[in-house]
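Trainee: quick check, what structure comes out for this input:
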Amino acid sequence: MAARAGTDVVKAGYWFVGYDKIRLAPDIPSELFTHLYAGFAVVDSDTGGVTFPTKYQEQFQTFPTTVRKRNPTLKALLSIGGPGSDISPVVRDGAKLARFIKDSIHLAWTFGYDGLDLYWLFPSPFDNCDNLINLLNPWRGAVSQDAKNRNKLELLLTATVFHHQANPNISIFLDWINVLAIDFYTPSNSPKETGPVHAWLHPKEPNRCGSDGIRHWINSGVAANKLVFGLPFYGYEWKLIDPNVYGYFAPANPADYNYIDYKNIQKIVGKAKYQTWYNTDYVGTYSHNYVGSWIGYDDKNSISEKVKKAIPTYKLRGYFAWNLGGDDDKWTLTKAGQKWWLVELAFTLASAIFHLLPLSSTATFMGQKWWLVDNLHQACVHICFRHLPVASAIF
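Mentor: Model prediction:
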């Protein structure tokens, strides 16, 4: 059977099953996405077996059907691995690898998943990059053969990686690569000063930001339409040495080494007297108060601007939210990532309508050309926001 189309736009989100103690999969606004990931299936390093976590087995089993109730065209993918997982012993053993491949494909088909994802953020030391190829090559082959045997479309196959270890060879076996170009400043790697946590741009250190991470993959030889970039839904806190010196790179100590979800940042900022600043130079946000608490993160402004800058500039496949459980009850960040797409859709509609109109050579008509385009654009924005299901969910 033919493989899946390779140019579909990706607007994805990760749902860490069991992470959000209040909201469940039915609460996800799946109409805002094209793809949703359920994480994480567990790998047994002794046998290579792949299973759902026992505690959340039912949620994994029903995830695809659940999220499709609000969006029947949505694709659900099962993410395998997760933080702290080490798949190296499985990859190095032929029998274990065969079990891994067989079990993962079986789980996907049995419970209605449209694809599989490998979450193996640290294939290190460097020779583990070869291990990654040794896993993906037979995995893709098995996925293709299995689809032929079933006379079905192939399962999607993706991998989620950090930006700094670009290995272009993995793109051969994947439908796309999820790149986490984030965490440039954290209390762990910047213990003496604050910084633009998830900077998209960096005027002072151009190689320490998300745009450079994406360029790194493209320059390594990976096609831009095989790259999907991550939008982080969390931040970090520092304690300022001097509360009156509070910008980026202000002297500070770690307040906590753990990340803080966006939803909890909003609760913290809302209860105390914090000032919030959005910085266009770095495309990042931070909040601070008079006693020296300083939190760096992405808000709706930086999320929307990242999508606006990344997609048209680098011709990327799309973006993914990391992770949805960190968003607030209004799904503020999720909706922010969508707005640019709607504006682009409105502009496309306006342009199409304009080109269908009969053109006049008179100076009077041509002088009103830009006025007409602008009004068509505004009208199409209004139509999109009023009548499209996604737009109504956002606004």
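Trainee: what does the pLDDT read for the residue nearest to the spatial centre of the chain?
Mentor: Centroid-nearest residue in the chain: Phe320, 1.9 Å away (criterion: CA atoms, centre = their mean). According to the prediction, Phe320 has pLDDT 98.
Trainee: just checking, it touches Trp15?
Mentor: No: using CB atoms under 8 Å, Phe320 makes no contact with Trp15, being 11.1 Å away. Backbone N, C-alpha and C define where each C-beta goes, glycine included.
Trainee: what's the burial count for Asp44?
Mentor: By the criterion of other CB atoms under 10 Å, Asp44 has 15 neighbours.
Trainee: the one 5 residues further on too?
Mentor: Other residues within reach of Gly49, judged by other CB under 10 Å, total 16.
Trainee: any idea of the mean pLDDT for the longest strand seen in the chain?
Mentor: Counting by DSSP state E, the longest strand found in the chain is strand 35-43. The average pLDDT for strand 35-43 rounds to 98.
Trainee: list the buried residues of it.
Mentor: Under the neighbour-count criterion of 16 or more other CB atoms under 10 Å, strand 35-43 has His35, Leu36, Tyr37, Ala38, Gly39, Phe40, Ala41, Val43 buried.
Trainee: partner strands of that strand and their direction?
Mentor: strand 10-16 (parallel), strand 50-51 (antiparallel), strand 75-81 (parallel) (DSSP bridges).
Trainee: a markdown table for those strands, including mean pLDDT?
Mentor: Listed next are the strands paired with strand 35-43 as a markdown table, based on pLDDT from 0 to 100:
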| stretch | mean pLDDT |
| --- | --- |
| strand 10-16 | 98 |
| strand 50-51 | 98 |
| strand 75-81 | 98 |
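Trainee: quick one, which of those strands is nearest to Ser304?
Mentor: strand 10-16 (13.3 Å; CB to CB).
Trainee: show me the shaky parts of this structure.
Mentor: Applying pLDDT under 70 to the chain flags the ranges 1-7, 122-129, 340-395.
Trainee: please redo it, this time with the cut-off set to 50
Mentor: Low-confidence regions of the chain, defined by pLDDT under 50, span residues 1-2, 5, 125-127, 360-366, 381, 383-389, 392, 395.
Trainee: run the chain-centre distance for the longest strand of the chain.
Mentor: Relative to the centre of its chain, strand 35-43 is centred 14 Å away, using CA atoms, centre = their mean, to the nearest Å.
Trainee: which parts of the stretch 101-250 of the chain are helices?
Mentor: 128-150, 210-219 (DSSP state H, counting those that start in this stretch).
Trainee: so for Trp238, which of these sits nearest?
Mentor: Closest to Trp238 of the helices of the stretch 101-250 of the chain is helix 210-219 (CB to CB; 20.3 Å).
Trainee: what packs against the closest one?
Mentor: The elements that helix 210-219 packs onto, with contact taken as 3 or more CB pairs under 8 Å, 6 or more residues apart in numbering; DSSP states H and E, are strand 176-180, strand 227-232, helix 300-314.
Trainee: now the strands for the stretch 151-300 of the chain?
Mentor: 156-162, 176-180, 227-232, 234-240, 252-254, 260-261, 274-279, 284-289, 293-297 (DSSP state E, counting those that start in this stretch).
Trainee: number of nearby residues for Tyr314?
Mentor: A count of nearby residues for Tyr314, using other CB under 10 Å, gives 17.
Trainee: now do the contacts for it.
Mentor: Ser211, Ile214, Arg215, Ile218, Ala224, Leu227 (CB atoms under 8 Å, 6 or more residues apart in numbering).
Trainee: now, among the residues you listed, which is nearest to Tyr236?
Mentor: The shortest approach to Tyr236 among these belongs to Ser211, at 20.4 Å (CB to CB).
Trainee: surely Gly318 and Ala310 touch.
Mentor: No: applying CB under 8 Å as the test, Gly318 and Ala310 come out as separate, 9.4 Å apart.
Trainee: any common contacting residues for those two?
Mentor: The contact lists of Gly318 and Ala310 share no entry, where a contact means CB under 8 Å, 6+ apart.
Trainee: now do the nearest residue to Thr65 once chain neighbours are set aside against Asn289, distance only.
Mentor: In space, and not counting its chain neighbours, Thr65 is closest to Gly112: 6.1 Å by CB to CB, 6 or more residues apart in numbering. For Gly112, the distance to Asn289 equals 47 Å [CB to CB, to the nearest Å].
Trainee: what's the burial count for Ile22?
Mentor: Per other CB under 10 Å, the neighbour tally for Ile22 reads 8.
Trainee: who touches both of Phe320 and Trp15?
Mentor: Between them, Phe320 and Trp15 share the contacting residues Tyr37, judged by CB under 8 Å, 6+ apart.
Trainee: circling back to that earlier point, Phe229 versus the residue nearest to the centre of the chain, what's the distance?
Mentor: Taking CB to CB, one finds Phe320 at 8 Å from Phe229.
Trainee: likewise for Ala142?
Mentor: 28 Å.
Trainee: of those two, give the one with the bigger neighbour count.
Mentor: A count of neighbours by other CB under 10 Å puts Phe229 above the other of Ala142 and Phe229, at 29 against 17.
Trainee: what sits against the more buried one?
Mentor: Residues in contact with Phe229, defined by CB under 8 Å, 6+ apart, are Asn178, Val179, Ala181, Gly210, Ile214, Lys306, Ala310, Leu316, Tyr319, Phe320.
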